[in-house]
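Visitor: Okay, here's the prediction I keep looking at, along with the sequence it came from:
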Protein chains: 2
Amino acid sequence: MNDHDLWRELGQQLRVDSIRSSSAAGSGHPTSSMSAADLMAVLMAKYLHYDFGAADDPRNDLLIFSKGHASPLLYAIYKAAGAISDEEMLTFRKLGSRIEGHPTPVLPWVDVATGSLGQGLPISVGVAYAGKYLDRLPYRVWCLCGDSEMAEGSMWEAFESAAFHGLDNLTAIIDVNRLGQTGETMHGWDLDAYANRARAYGWHAIELDGHDVTAIDTALAEALDTTSHPTVLIARTEKGHGVAAVADKNGFHGKPLADPEAAIAELGGERDLQIKVARPEGAGKPYRFETSGELQLPAYEPGTKEATRKAYGDALVALGNARGDVIALDGEVGNSTYSEEFAQVHPDRFIQVYISEQQMVSMAVGLQVRGWRPFAATFAAFLSRAYDFVRMAAVSHANIVLTGSHAGVSIGEDGPSQMALEDLASLRAVHGSTVLYPSDPNQAAALLAQAADRKGIVFIRTTREKTPVIYPPGEPFEIGGCRIVRETDTDQVTLVGAGITLHEAMAAADLLTADGIKARVIDLYSVKPIDAETLRAAARETGAIVTVEDHFPEGGLGDAVLDVFAASDERPPIVKLAVRIMPGSATPAEQLAAAGIDGAHIADAARELVRQRAGAKA
Amino acid sequence: MNDHDLWRELGQQLRVDSIRSSSAAGSGHPTSSMSAADLMAVLMAKYLHYDFGAADDPRNDLLIFSKGHASPLLYAIYKAAGAISDEEMLTFRKLGSRIEGHPTPVLPWVDVATGSLGQGLPISVGVAYAGKYLDRLPYRVWCLCGDSEMAEGSMWEAFESAAFHGLDNLTAIIDVNRLGQTGETMHGWDLDAYANRARAYGWHAIELDGHDVTAIDTALAEALDTTSHPTVLIARTEKGHGVAAVADKNGFHGKPLADPEAAIAELGGERDLQIKVARPEGAGKPYRFETSGELQLPAYEPGTKEATRKAYGDALVALGNARGDVIALDGEVGNSTYSEEFAQVHPDRFIQVYISEQQMVSMAVGLQVRGWRPFAATFAAFLSRAYDFVRMAAVSHANIVLTGSHAGVSIGEDGPSQMALEDLASLRAVHGSTVLYPSDPNQAAALLAQAADRKGIVFIRTTREKTPVIYPPGEPFEIGGCRIVRETDTDQVTLVGAGITLHEAMAAADLLTADGIKARVIDLYSVKPIDAETLRAAARETGAIVTVEDHFPEGGLGDAVLDVFAASDERPPIVKLAVRIMPGSATPAEQLAAAGIDGAHIADAARELVRQRAGAKA
């Protein structure tokens, strides 16, 4: 069999297997797989370099399905490559199988989870960036995209970013099968529409017939030969190609075929071609940045004032000095987040992502695929722009640190558009996440150092305003811990705050002392995981809790504390202070007062709680 | 003074006033305002049609600052138009002033809040769509964009959408001042970069010198003359233009000028030009769709099964039959969300937004600016893509209904990428939001009808699976209420669920009955606002609560229940069942079991809780 015949046969096999697995599952997306089968056949048989027996070989190419719903095709490729058995392929979508409905990294050859459209290409840009500028290895990134997902702005952030960085190691393949889930896409088979856009962004664009293996071969060769620019293949294909009952017909998205046997027969029956995918060549090892290896965190003098956002910048530089794997990213607000300090000291490990938060998080996810430790920062409010990407990063088991500055009303005059007031809630809800809200710059630095080795999504919320340094440099802080900053044996109430509100809680404690009320104050810098033990002890010993957060009332610090006591034997009364208004513009102090979360309001709430309890006892 | 001289003078006045207000405030973005002053001077003096004395005149043009940080310029325009006094302008960013740091609709001429970049243009597309296809009025939408925000993919979703709908009533003006917050943008003064992209998307693009009033006049006239395509002016400008100390210099973003007096002198001093902005012409009234006016909600027979997502589709058709102001939008999954039913019956009030959730929410926000009632739907998981837009919609006081289908692990085989497991948390945290999670199709229909008149962001979570119809058609359900679906006088525990988990809770109650344990079951279909009174009564009468939700443990239904009891006198033990694993693929029943939220697990938890309490009493 000559190459072209082999590719055609392989394409048919990939179609047949896509039909078989989805029929066995009773669900899935065979027609979306069939359109791209020829493209993938030629790619895997001739262009892909991958050692399926050594998924962790750093020289391997990356094959990312941005159209994750074409998972039957991906699994058919794995079978044809000998990575999985036919039997395992047919466990598609079954309980306990790693052949999941959409690809996830439970499979060693899947680098990132896809299935939320418009994410695979942005992440591919991150991986390709790592290949070109960090690993400095010749692996290539191949990304299969759907035409429907080209409507997502994130895809064009990726186009912009890839061209800006000259990622000629990245090839996107758009499977233009014309049909979305419910009907024709905006552009149907107007390949020029995609090509014109891609070229305007600075990509090399090739239009082709996605079922013509010769054309595919030529186009992929052209991609290899293109330097300085990423290449996109814009392939006209038919959804459900090869089976007349469904080919180019609407109404068959995400459904197994009605008559799989007939369809398989029409495709020439089952095949069992085994493709020897080319192994990566050369003896390349990833580049590593030289560092001193010694971590010297910045130190802030107790009694002075500094903003935790500044500590983030300072500590990130220190971390970068000590570790070559640390990469910083910023959404063009580095003089606010203080990422700019890292950019100055370690320019070759800083990525300016401009104002594209979706691309920033995707870039971070792509970098960690290759073992780098990304630290991405912007205003906490603007991390909400990338929430779907963070959610999916958790599905990808990604290890990334996201730092959001300018949290809460305490930013002051800029007003609500710039204030993160939902971030604790949204990021606590992410599976396996860590949510830190340091109250002091030395603490922020210590926590950042730990975040660097933490699994999963770590969110660090920093404060715009300078706050008093209350801990000495070098004091250890564990993720999952908290700090009692003030206590006596006869405390009558516990005040729990973090970040800016810890300082308000301390001020409240002073006010209460003047009234003869003793208040314990807890710094809940680790909102998730939470130090349940210390909170329980405080509840036992003081009998009542006031929580205070610069955040809307739902899902934040207060709810995290409530959860500790939900079903426990002792359930103290807990008064939750939080922002319950839509703020406007004002000074930070005025904002805290208007929102009812400043020292005076905390003291009022604590006083009332102590009074009620005294009344209840009397 | 001839027109050109007037425009030049007006441009200087707008600059001077931007400097004055930001200096009075001690913060703000004068240099970002100064770059666009000439563009806005010509626009307001010759092209804008707006009656500042009648902001609610439906014939008014709309002027939207996508670069919301140029608020000093916007307020300077309002002053020049006589809408606000010089004195009020100088209250910029002060406590209690409506002259906020970034524009919000506390001012009658501001339609939507901006300040999170990349949102004003997408919303402008929604308003322009309303103008052309719904209101059918000749007002124009003028949108001032920054060059930095062109890095946001949402801007290109907007470009795509506006061109697709042929919105020739929309003019975007990009203020290419070259400098972002921290340095040069990706494209600097490469106007072609923007023009090539815009043209590739199908816009009419005009490059010009943004400080040449003649060129601006010509370009705006050309925009007026362009039909079938939206127009974008790509204007080369200088940040801080007119003041040598800051003009085209990096490092002056978001700061008042160091020497405002000198700068004002350099600009020729203060002026007090009053511009008579042209009033809108003609007697046009917005088009209204004829409807019967009678709401006939769909009815489902108790004992049968139906999915609440189907009820959404059915009820939305009914609502559209009754009310001409109802508009449906969908992110190209209308056969999953059942928006497709509305599309079939009311095609002229259905907007297919394709797979661009940011644009979908922005379009909805734009429509409600004009008084339409938008209902936008996609998978609940994918609403996370637009989280920043939802957050900002709340700042805009927007009234929109967002429906998310396919919530939770109970979707089954598709796996975690398609499962909303953070949506209750993230959407509860939005200020003033309403979060509904119907458990029955008749209930879903009844709630949707109420959502149509609800203020703020309404989120409705619907279920993929068919669930038993448990309420008769026509039964009333209030937002903020709940339903006791099962109770006796001697219940020992209360089970609280909603959506799919209500049915699991009912199954659990049956299992418990077999063990001689009586369980009350509450349908908490209104998660926010929550029926605290009924929950408190249940706690009092049964002594213990089990909550169960198809959602991660943080910030969802369980936390909403915990919050009810936080500081109340009676605080029952509350066991929170929620999804604590990262799910894979499996059948819906297997998923519920694996996540520990099916009937059997609920019964186990309730049994243990009752046992513990009996032990504690003994």
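Guide: Yep, it's here.
Visitor: how about the longest helix seen in chain A, does it get close to chain B?
Guide: Counting by DSSP state H, the longest helix found in chain A is helix A:3-25. Yes - Helix A:3-25 is in contact with chain B by CB under 8 Å from any CB of the partner chain, via A:Ala25. (Each C-beta comes from the backbone N, C-alpha and C, glycine too.)
Visitor: In terms of secondary structure, what does that helix contact?
Guide: helix A:30-34, helix A:37-42, helix A:71-80, helix A:86-89, helix A:213-225, helix A:260-266 (3 or more CB pairs under 8 Å, 6 or more residues apart in numbering or on different chains; DSSP states H and E).
Visitor: That helix vs helix A:71-80, what angle?
Guide: Put simply, helix A:3-25 runs at 120 degrees to helix A:71-80, going by axes from the mean of the first three to the mean of the last three CA atoms, to 10 degrees.
Visitor: Low-confidence ranges, chain A, go.
Guide: A:617-618 (pLDDT under 70).
Visitor: if we can go back for a sec, which among the helices and strands packed on helix A:3-25 is found nearest to chain B?
Guide: Counting by CB to the nearest CB, chain B lies closest to helix A:71-80 out of these; the figure is 8.9 Å.
Visitor: elements contacting that closest one?
Guide: helix A:3-25, helix A:30-34, helix A:37-42, strand A:62-65, helix A:86-89.
Visitor: count of neighbours near the closest residue to chain B within the stretch 351-500 of chain A?
Guide: Using CB to the nearest CB, A:Ser417 is the residue of the stretch 351-500 of chain A that sits closest to chain B, at 2.8 Å. By other CB atoms under 10 Å in any protein chain shown, the residues close to A:Ser417 number 26.
Visitor: Enumerate every residue touching it.
Guide: A:Ala381, B:Gly68, B:Gly101, B:His102, B:Thr104, B:Ala113, B:Thr114, B:Gly115, B:Ser116, B:Met392, B:Val395 (CB atoms under 8 Å, 6 or more residues apart in numbering or on different chains).
Visitor: helix/strand/coil for the fifth one?
Guide: This means B:Thr104. Assigned by DSSP: H, G, I helix; E, B strand; the rest coil, the conformation of B:Thr104 is coil.
Visitor: repeat for the third one
Guide: Look at B:Gly101: counting by three-state DSSP, its state is coil.
Visitor: Was I right to think it contacts A:Gln418?
Guide: Yes - B:Gly101 sits in contact with A:Gln418 when judged by CB atoms under 8 Å, with a separation of 7.5 Å.
Visitor: and those two? which has more neighbours close in?
Guide: B:Gly101 (28 against 22).
Visitor: Spatially, what comes nearest to the more buried one if we skip its sequence neighbours?
Guide: A:Gly415 (3.8 Å; CB to CB, 6 or more residues apart in numbering or on different chains).
Visitor: My guess is that neighbour contacts B:Glu100. True?
Guide: Yes - between A:Gly415 and B:Glu100 there is a contact under CB under 8 Å: 4.7 Å.
Visitor: Now do the shared contacts for these two.
Guide: Common neighbours of A:Gly415 and B:Glu100 (CB under 8 Å, 6+ apart) are A:Gly584, A:Ser585, B:Arg93.
Visitor: Nearest to A:Ala444 among those?
Guide: A:Ser585 (26.9 Å; CB to CB).
Visitor: how about the CA coordinates for stretch A:5-20, as PDB?
Guide: Extracted in PDB, the C-alpha atoms of stretch A:5-20 (Å, rounded to 0.1, in the frame of the first residue of the first chain):
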ATOM      1  CA  ASP A   5      -3.700   4.700   0.100                       C
ATOM      2  CA  LEU A   6      -2.600   4.000   3.600                       C
ATOM      3  CA  TRP A   7      -3.700   7.500   4.700                       C
ATOM      4  CA  ARG A   8      -7.100   7.000   3.000                       C
ATOM      5  CA  GLU A   9      -7.500   3.600   4.700                       C
ATOM      6  CA  LEU A  10      -6.400   5.000   8.000                       C
ATOM      7  CA  GLY A  11      -8.900   7.900   7.600                       C
ATOM      8  CA  GLN A  12     -11.700   5.300   7.100                       C
ATOM      9  CA  GLN A  13     -10.500   3.300  10.100                       C
ATOM     10  CA  LEU A  14     -10.600   6.400  12.300                       C
ATOM     11  CA  ARG A  15     -14.100   7.000  11.100                       C
ATOM     12  CA  VAL A  16     -15.200   3.500  11.700                       C
ATOM     13  CA  ASP A  17     -13.700   3.500  15.200                       C
ATOM     14  CA  SER A  18     -15.300   6.800  16.000                       C
ATOM     15  CA  ILE A  19     -18.600   5.200  15.100                       C
ATOM     16  CA  ARG A  20     -17.900   2.100  17.000                       C
END
